[in-house]
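coords below, sequence missing:
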């Protein structure tokens, strides 16, 4: 399938629900559903990955209110010429974990805030956040495409949109069928393309025996 | 889409519910009815997932064990000493009070009981705390955040408040300056205020919702306080009190949240974006129940509940890394 545009997805949905022209579902309604699908895919797939630089930080609590972040996956302390990956901890560890020097070593997210421990003994410091985000902009023009999502997730948007279009048509069985296909699709693609599994040393060895 | 993408406001949510219920304009389903379901949905999501998370500023009172709270649940308590590393306090039950080994007089344990937390040992002085809480969901103020103080704010008292992109106060020993917002708050209502202080020197800042005052804040950084406004026409104001020679403080980025139901098309819930789409599902299944379509309503309710569990596990709950992870 070629790159899906907003009008292209609408055409696919209308074909699937057997309504070639506007009768039961208006284009505006379909656009809303497609934008919801765009967001939902980015949330469930965690697939709009964005590296966000937070600079000149002065405290241990950092606001994320304007960053459109779904989830922070990794954080690194940016020393300018090198970086240091930090461990995600949890609230109960504050003040209890051993620290090595005064560089930031631990982090966790709480609501709209990132909390770092310990605070470095410098006036300001920089972090890089490896985050999964919401799509950058709403789809409104017919030629707009799903630019925030990796291409392998585009069909998920279509499946979600068909499912929720079926709600209005009171085709409950079709809704459940497409919703299940959407969930299966987005979860398997998240596992295949997004989840990070570092290789262990043994993987570089030739196995002793294969059956 | 009227709300600011990716968020959905009351009109966006109502439009989606009407699409799913196949009733474009109000007839069988009134707007008030849909707003009521949306308001119920906000509370349902917040209570089931603990997703409205805040870090509240609090402090102890000398010779008083308890600190009053006004949230769904206090999850963790952090003791913030004036110098050195802050420390999360272990949670105990009231049964264990007096039985745990103590090291000094600073806060070392806490428990939750009713709308208070108890501190062990009984604080001998004022100690600063941070409360990691799951809170009541609220509605965003019409200007969210207030990113400039250049209009609507008036400085009075002694010392000088200068209102521009930020609100900056300068004073000298013993001076007290008050910066008041021209628009009154709603009476007797739960509010959450978040603001950033910088350049604080010889000064304490108190935020007031009418006659209800926050604790005095004396450190830089992001601060959040929950206040219930007083009756009448409560004014929102910052009061800066000088505690030493020349100094002052700068206030930046004020976020105001008010506990309220959906009541206007532009109302925007603070519920994180990931949950807002589920409000439409919650309201749709309530609409289907009204239409006596119980089987499809149950399908939607089941999907709604599964979505809550899935998103809570994948986005809200913190799963720490292991030490092995960096090797």
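Nice, thanks for sending it over. Because the structure is predicted, anything quoted here is derived from the model rather than measured.

Give the other helices and strands that the host helix or strand of residue B:295 contacts.
Per DSSP states H and E, residue B:295 falls inside helix B:294-311. Using 3 or more Cβ pairs under 8 Å, 6 or more residues apart in numbering or on different chains; DSSP states H and E as the contact test, the elements touching helix B:294-311 are helix A:172-189, helix B:31-49, helix B:273-290. Quick note: C-beta positions are derived from backbone N, CA and C, even for glycine.

nearest residue to the most centrally placed residue in chain A other than its sequence neighbours?
The structure's chain A has its C-alpha centroid closest to residue A:46; by Cα atoms, centre = their mean the separation is 2.5 Å. Sequence neighbours aside, residue A:132 is the residue nearest to residue A:46 in space, at 3.8 Å (criterion: Cβ to Cβ, 6 or more residues apart in numbering or on different chains).

need the contact list for residue A:71.
The neighbourhood of residue A:71, defined by Cβ atoms under 8 Å, 6 or more residues apart in numbering or on different chains, consists of A:46, A:109, A:131, A:132, B:314, B:315.

The first one and residue A:70 touch, don't they?
By that I understand residue A:46. Yes. Residue A:46 is within contact range of residue A:70, at 6.5 Å (criterion: Cβ atoms under 8 Å).

okay, and the common contacts of those two?
Joint contacts of residue A:46 and residue A:70 (Cβ under 8 Å, 6+ apart) are residue A:132.

Mind putting the contacts of residue A:71 into a markdown table with secondary structure?
Shown next, in a markdown table, are these (DSSP: H, G, I helix; E, B strand; the rest coil):
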| residue | secondary structure |
| --- | --- |
| A:46 | coil |
| A:109 | strand |
| A:131 | strand |
| A:132 | strand |
| B:314 | helix |
| B:315 | helix |
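
Out of these, which two are the most distant from each other?
Farthest-apart pair in these is A:131 and B:314; separation 14.2 Å (Cβ to Cβ).

out of those two, which sits in the busier spot?
residue A:131 (23 against 16; other Cβ atoms under 10 Å in any protein chain shown).

quick one: the more buried one and residue A:54 touch, right?
No. Between residue A:131 and residue A:54 there is no contact under Cβ under 8 Å: 10.5 Å.

With residue A:138 as the reference, measure out to residue A:190.
23 Å (Cβ to Cβ, to the nearest Å).

circling back to that earlier point, now do the contacts for the residue nearest to the centre of chain A.
Shown in contact with residue A:46 (Cβ under 8 Å, 6+ apart): A:70, A:71, A:73, A:132, A:190, A:194, B:314.

count of neighbours near the fifth one?
This means residue A:190. Neighbour number of residue A:190 under other Cβ under 10 Å is 19.

what's the nearest residue to it if we skip its chain neighbours?
Once flanking residues are discounted, residue A:190 sits nearest to residue A:45: 4.7 Å by Cβ to Cβ, 6+ apart.

Please, where are all the helices along chain A?
Assigned by DSSP state H, the helices in chain A fall at A:6-16, A:27-45, A:154-168, A:172-189.

Relative to residue B:138, which of the ones you listed is closest?
helix A:27-45 (22.0 Å).

where does the chain dip in pLDDT?
No chain specified, so I'll use chain A. Chain A contains residues with pLDDT under 70 at A:1-2.

you looked at the wrong chain, it should be chain B
B:1-2.

For the residue lying closest to residue A:40 once chain neighbours are set aside, give its distance to residue A:170.
Leaving out its chain neighbours, the residue that sits closest to residue A:40 by Cβ to Cβ, 6+ apart is residue A:160, at 5.8 Å. For residue A:160, the distance to residue A:170 equals 18 Å [Cβ to Cβ].

Of those two, which one has the most company?
Between residue A:160 and residue A:170, residue A:160 has the larger neighbour count (other Cβ under 10 Å), namely 26 against 15.

ok, the more buried one touching residue A:36?
Yes. Here residue A:160 reaches residue A:36: they are 7.4 Å apart, a contact under Cβ under 8 Å.

Give me whichever of the helices and strands packed on helix B:294-311 is most buried.
Mean neighbour count (mean count of other Cβ atoms under 10 Å in any protein chain shown) peaks for helix B:273-290 among the helices and strands packed on helix B:294-311, with a mean of 23.

Report the angle between that one and helix B:294-311.
Between helix B:273-290 and helix B:294-311, the angle comes out at 160 degrees (axes from the mean of the first three to the mean of the last three Cα atoms, to 10 degrees).

Quick one: check helix B:273-290 for contact with chain A.
Yes. Interface with chain A: helix B:273-290 contributes B:273, B:274, B:277, B:284 (Cβ under 8 Å from any Cβ of the partner chain).

quick one: that helix to helix A:172-189, angle?
Using the same axes, to 10 degrees: helix B:273-290 against helix A:172-189 is 160 degrees.

now for helix B:273-290, which elements pack on it?
helix A:27-45, helix B:10-21, helix B:31-49, helix B:294-311.

Could you dump those into a markdown table with distance to residue B:82 added?
Compiled in a markdown table, the helices and strands packed on helix B:273-290 are given as follows (distance: least, Cβ to Cβ, whole Å):
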| stretch | distance to residue B:82 |
| --- | --- |
| helix A:27-45 | 41 |
| helix B:10-21 | 45 |
| helix B:31-49 | 34 |
| helix B:294-311 | 39 |
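
Counting neighbours, what do you get for residue B:146?
Quick note: residue B:146 (other Cβ under 10 Å) scores 20 neighbours.

How about residue B:216?
Residue B:216: 17 neighbours (other Cβ under 10 Å).

And it, how far from residue B:54?
Counting by Cβ to Cβ - residue B:216 and residue B:54 are separated by 19 Å.

quick one on the thing from earlier: quick one: the helix holding residue B:295 to chain centroid distance?
Its chain's C-alpha centre and that of helix B:294-311 lie 28 Å apart, by Cα atoms, centre = their mean, to the nearest Å.

The residue nearest to residue B:62 when sequence neighbours are not counted: what's it in contact with?
Using Cβ to Cβ, 6+ apart and skipping the chain neighbours, the partner closest in space to residue B:62 is residue B:125 (5.1 Å). The contact partners of residue B:125, taken as Cβ under 8 Å, 6+ apart, are B:60, B:62, B:105.

same question, residue A:25
A:13, A:14, A:17, A:19, A:165, A:168, A:169, B:19.

How about residue B:289?
residue B:297.

Kindly report the same for the one 10 residues further on.
For residue B:299, the contacting residues are A:172, A:175, A:176, taking Cβ under 8 Å, 6+ apart as the criterion.

how many other residues sit next to the residue nearest to the second one when sequence neighbours are not counted?
It refers to residue A:175. Leaving aside its sequence neighbours, residue A:175 sits nearest to residue A:166 (Cβ to Cβ, 6+ apart; 4.1 Å). Residue A:166 is flanked by 23 other residues according to other Cβ under 10 Å.

do residue A:76 as well
Residue A:76 has 18 nearby residues by other Cβ under 10 Å.

How about the residues of the stretch 51-200 of chain B by chain A?
B:52-55, B:75-76, B:78, B:85-88, B:132, B:145, B:196, B:198.

Could you rerun that using 10 Å?
B:51-55, B:75-81, B:84-91, B:130, B:132-135, B:144-145, B:147, B:194, B:196-198 (Cβ under 10 Å from any Cβ of the partner chain).
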